[in-house]
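[1] Got a predicted structure plus its sequence, pasted below:
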Number of protein chains: 2
Amino acid sequence: MATIKDVAKRAGVALSTASYALNNNPKISPATRKKVEEAAKELNYKKNGIASDLKRANTNTIALILSDLSGPFYSDLIQGVQDITTANGYDLIACNSIGGEQSTAVKFLKEKRVDGAIILAYNISDEIAVESARQGFPIVVLDRTLDNEFIYRVHVDNEQGAYTATEFLIKHGHNEIAYISGPSISYDNQRRFQGYLNALKDSKIDYQPKWQIPGDFTREGGYRATKLLIAQGNLPQAIFYANDEMAIGGMQALKENNIGIPNDISIIGYDDIELTEFVSPPLTTIRQPKYEAGALSVHLIFRILSGETVEHNYNLPTQLVERGSVKHKEVN
Amino acid sequence: MATIKDVAKRAGVALSTASYALNNNPKISPATRKKVEEAAKELNYKKNGIASDLKRANTNTIALILSDLSGPFYSDLIQGVQDITTANGYDLIACNSIGGEQSTAVKFLKEKRVDGAIILAYNISDEIAVESARQGFPIVVLDRTLDNEFIYRVHVDNEQGAYTATEFLIKHGHNEIAYISGPSISYDNQRRFQGYLNALKDSKIDYQPKWQIPGDFTREGGYRATKLLIAQGNLPQAIFYANDEMAIGGMQALKENNIGIPNDISIIGYDDIELTEFVSPPLTTIRQPKYEAGALSVHLIFRILSGETVEHNYNLPTQLVERGSVKHKEVN
DNA sequence: CTGTTAGCGCATTCAT
DNA sequence: ATGAATGCGCTAACAG
């Protein structure tokens, strides 16, 4: 690899002259500049970005840390982050946190490789996030609450969303409503469960533990949980799945047992992933403003980086998307 | 930010001792190591990864460059890349090439920020790829053919896949087969079109230009192209969509015109994305070994990096996935 | 086992 | 306009 030194030598100028020329500093005459540029091209010179970053002390890139780069769920979010980042002339890199402590993500977080980070990765511990955040290195978390001077939180209002979903079912005449939950450690799941409870309470419906079935946010988990519910004997009138993936798995289970949706049972999901439109019947669900969440997150980072003082907490509202999986229960 | 110098000072040891201790070099006594680690913690020291990379000369990370991080299509591919990369103790970062010349991706490519790269991004020009590849910096391209000493090619056999798809339609009694194409500049599309032509030719069916409708690999494009085909007057007996997204858009258009699939018309897609199972009827399509392609790509990079000489070209076979969108045409 | 020292490649003074 | 010199933070060879 040719270095700038080689370029300077070849062009017959000093090292600094070459540097100036390559960085378009006006104090270099067009003639020498041209000479330098030609030398660079001849030597196939590429500046070493690492060295240059070291000098500059900021990298002009922000990191988006996800537990899994390949999840379809993140599309909109990434899009939002991407749009704002590029609009600001910054670079975006996405890294996965698979491998926990040893992962690429943690490396980027802890070492000064980026100027800011957005975290949506359950397998990154709170501890690591807190340890990494510091002056000049803001972190936005999307999936937890963390009290730290340099950590900001953008939140989709899970509690309200779950409340809306449950209320919707209640208004449709259902009062036996099962909740298929996500992993109990998941903050998102906790909020959603709380929203479910609140809605029941506000309608004076008693919460019954038997209607709470553990799931894990996967399609397979939804399938199993639903089978369990069916095996349990009497079915509820409606099921609220803590996310769409589980709802889709659940639909499969119901179908296998000849339980009609929405005639025999109403179901509702959470997330509004792309598939919901395509399953049969189309799934009524709660849409999360994923794009907006992503966009807001980076936007915040830029404001903080430029020295502004901003709020630490943001809550984004959800929206119910009515499709075909919930039916008004006939009054007998 | 505290530097390693501060840590050394605080621990009362030499700079190098601190460095060794922090890097778990066995030559440091447990006692001093502990001292250093404590000092580091007290100062909230984080090593500057950039500086360390500069010294090391290799970054232990490889880049996956995609035109769009948010496409659901890439899931499997990313997974394959991810698995092998982490298994080798390397880091993976994904970056998008939006913004073309100015994009993050190009920066990573041209400046020495990663040890190798995998490209699947139509908006990265061949030129940039060729300029960037060099000794010790192998590039694997998935979406083009490039003749360069340091560029390797992993290819899904598009031509064979398209041939299989077309042949399948022919064997089901169809001889008027439309081809809804991707962008004409797309290499993938060109190969697929060629496969289509070859299959026709081998069955002695004349290619008719009117059956070739331009699309752009998007759902919307497939919808429009299909509308155009319908508006054109007489329908073909089957449609081969150059990818699934377009096929799904096309299904929408056909549905709107009350054209039954597969009773009135057979259709086949390409890619085997997740949605294909859920649309109605489920879409018959060509599965690409995306995971394998991703895995092979990184695997190659590692072999090259370790000094092995490897082949420059790899071709992966496709596979037909039969679902419900193709029907045997009744003989009249 | 520990400390000294020389760069990695580049950007940036400060004189000339 | 140019060249020599300095240091960013870290690692690793070498000497003790």
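    That came through, no problem.
[2] Not counting its neighbours along the chain, what's nearest the residue positioned nearest the centre of chain A?
    For chain A, residue A:120 is the residue whose C-alpha lies nearest the centre (C-alpha atoms, centre = their mean; 4.6 Å). Distances taken as C-beta to C-beta, 6 or more residues apart in numbering or on different chains put residue A:142 closest to residue A:120, at 4.3 Å, once the chain neighbours are dropped. From N, CA and C alone the C-beta is placed, and that goes for glycine too.
[3] how near is residue A:157 to residue A:321?
    15 Å (C-beta to C-beta, to the nearest Å).
[4] What's the local residue count around the residue nearest to residue A:120?
    If you count neighbours by other C-beta atoms under 10 Å in any protein chain shown, residue A:142 ends up with 22.
[5] and if you look at residue A:153?
    Number of residues near residue A:153 (other C-beta under 10 Å) recorded here: 21.
[6] Just the residues contacting the helix or strand hosting it, thanks.
    Counting by DSSP states H and E, the element that carries residue A:153 is strand A:151-156. Contacts with strand A:151-156, where a contact means C-beta atoms under 8 Å, 6 or more residues apart in numbering or on different chains, come from A:129-130, A:133, A:138-142, A:144-146, A:288-290, A:293, A:296-297, A:300, A:304, A:310-316, A:318.
[7] please redo it, this time with the cut-off set to 6 Å
    A:133, A:139-142, A:288, A:293, A:296-297, A:300, A:312-316 (C-beta atoms under 6 Å, 6 or more residues apart in numbering or on different chains).
[8] so where do the strands sit in the stretch 51-200 of chain A?
    Secondary structure of the stretch 51-200 of chain A (DSSP state E, counting those that start in this stretch): strands at A:61-66, A:91-96, A:116-120, A:139-141, A:151-156, A:177-180.
[9] helices or strands up against the shortest one?
    For strand A:139-141, the packing partners by 3 or more C-beta pairs under 6 Å, 6 or more residues apart in numbering or on different chains; DSSP states H and E come out as strand A:116-120, strand A:151-156.
[10] Please identify the deepest-packed of those.
    Comparing those by mean neighbour count (mean count of other C-beta atoms under 10 Å in any protein chain shown), strand A:116-120 ranks first with a mean of 27.
[11] same for it, what does it pack against?
    Packing contacts for strand A:116-120, counted by 3+ C-beta pairs under 6 Å, 6+ apart, involve strand A:61-66, strand A:139-141.
[12] Any chance of these in a markdown table with mean pLDDT and distance to residue A:91 as columns?
    Below are the helices and strands packed on strand A:116-120 laid out as a markdown table (pLDDT from 0 to 100; distance: least, C-beta to C-beta, whole Å):
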| stretch | mean pLDDT | distance to residue A:91 |
| --- | --- | --- |
| strand A:61-66 | 89 | 4 |
| strand A:139-141 | 96 | 17 |
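[13] Determine which of the ones you listed approaches DNA strand C most closely.
    Among those, the nearest to DNA strand C by C-beta to the nearest atom of the strand is strand A:61-66 (15.9 Å).
[14] What is the closest one packed up against?
    For strand A:61-66, the elements it packs on are strand A:91-96, strand A:116-120, judged by 3+ C-beta pairs under 6 Å, 6+ apart.
[15] What lies in contact with it?
    A:74, A:81, A:90-91, A:93-95, A:97, A:105, A:108, A:114-121, A:301.
[16] Now a ChimeraX select for only the buried ones of those.
    Burial among the contacts of strand A:61-66 is assessed by 16 or more other C-beta atoms under 10 Å in any protein chain shown; the matching ChimeraX selection reads:
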select /A:74,81,90,91,93,94,95,97,105,108,114,115,116,117,118,119,120,121,301
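[17] How is the residue lying closest to residue A:27 once chain neighbours are set aside assigned, secondary-structure-wise?
    Residue nearest to residue A:27 in three dimensions, not counting chain neighbours: residue A:20, with 6.5 Å by C-beta to C-beta, 6+ apart. Recorded secondary structure, residue A:20: helix (DSSP: H, G, I helix; E, B strand; the rest coil).
[18] How far does the strand holding residue A:153 sit from its chain's centre?
    From the chain centre to the centre of strand A:151-156 is a distance of 11 Å (C-alpha atoms, centre = their mean, to the nearest Å).
[19] and it with strand A:116-120, angle?
    If you take axes from the mean of the first three to the mean of the last three C-alpha atoms, to 10 degrees, strand A:151-156 sits at 40 degrees to strand A:116-120.
[20] Which strands border strand A:151-156, and is each parallel or antiparallel?
    Looking at strand A:151-156 with DSSP bridges, its partner strands are strand A:139-141 (parallel), strand A:313-316 (parallel).
[21] which parts of chain A sit against DNA strand C?
    A:1, A:3-5, A:15-16, A:19-20, A:22-23, A:45, A:47-48, A:51-52, A:54-56 (C-beta under 7 Å from any atom of the strand).
[22] can you tell me which of those residues are in helices?
    Under the assignment DSSP state H, the residues of chain A next to DNA strand C contribute A:4-5, A:15-16, A:19-20, A:22, A:51-52, A:54-56 to helices.
[23] Can you tell me the closest non-neighbouring residue to residue A:109?
    Once flanking residues are discounted, residue A:109 sits nearest to residue A:132: 4.3 Å by C-beta to C-beta, 6+ apart.
[24] show me the contacts for the residue of the stretch 151-300 of chain A found nearest DNA strand C.
    Proximity of the stretch 151-300 of chain A to DNA strand C (C-beta to the nearest atom of the strand) peaks at residue A:298, 25.1 Å away. Going by C-beta under 6 Å, 6+ apart, residue A:298 touches A:81, A:84-85.
[25] Make TSV from the strands of the stretch 51-200 of chain A and add distance to DNA strand D to it.
    Listed next are the strands of the stretch 51-200 of chain A as TSV, based on distance: least, C-beta to the nearest atom of the strand, whole Å:
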stretch	distance to DNA strand D
strand A:61-66	17
strand A:91-96	20
strand A:116-120	18
strand A:139-141	20
strand A:151-156	22
strand A:177-180	47
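[26] Pick out the shakiest of those, pLDDT-wise.
    Comparing mean pLDDT over the strands of the stretch 51-200 of chain A, the weakest stretch is strand A:91-96, at a mean of 84.
[27] Give me the helices and strands touching that one, please.
    Helices and strands touching strand A:91-96, by 3+ C-beta pairs under 6 Å, 6+ apart, are strand A:61-66, helix A:104-110, strand B:91-96.
[28] got a list of contacts for the longest one?
    Residues lying outside helix A:104-110 but in contact with it, judged by C-beta under 6 Å, 6+ apart, are A:63, A:65, A:95, A:97, A:114, A:117, A:128, A:132, B:46, B:91-92.
[29] If we use 7 Å, what do you get?
    For helix A:104-110, contacts defined as C-beta atoms under 7 Å, 6 or more residues apart in numbering or on different chains pick out A:63, A:65, A:95-97, A:114, A:117, A:121, A:124, A:128, A:132, B:46, B:49, B:61, B:91-93.
[30] quick revisit: columns distance to residue A:238 on top of the helices and strands packed on strand A:139-141, output as CSV?
    Shown next, in CSV, are the helices and strands packed on strand A:139-141 (distance: least, C-beta to C-beta, whole Å):
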stretch, distance to residue A:238
strand A:116-120, 29
strand A:151-156, 23
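[31] The ones you listed: which one's closest to residue B:179?
    strand A:116-120 (40.3 Å; C-beta to C-beta).
[32] just the ones in helices among the residues of chain A next to DNA strand C: which has the poorest pLDDT?
    Lowest pLDDT among these: residue A:56, 77.
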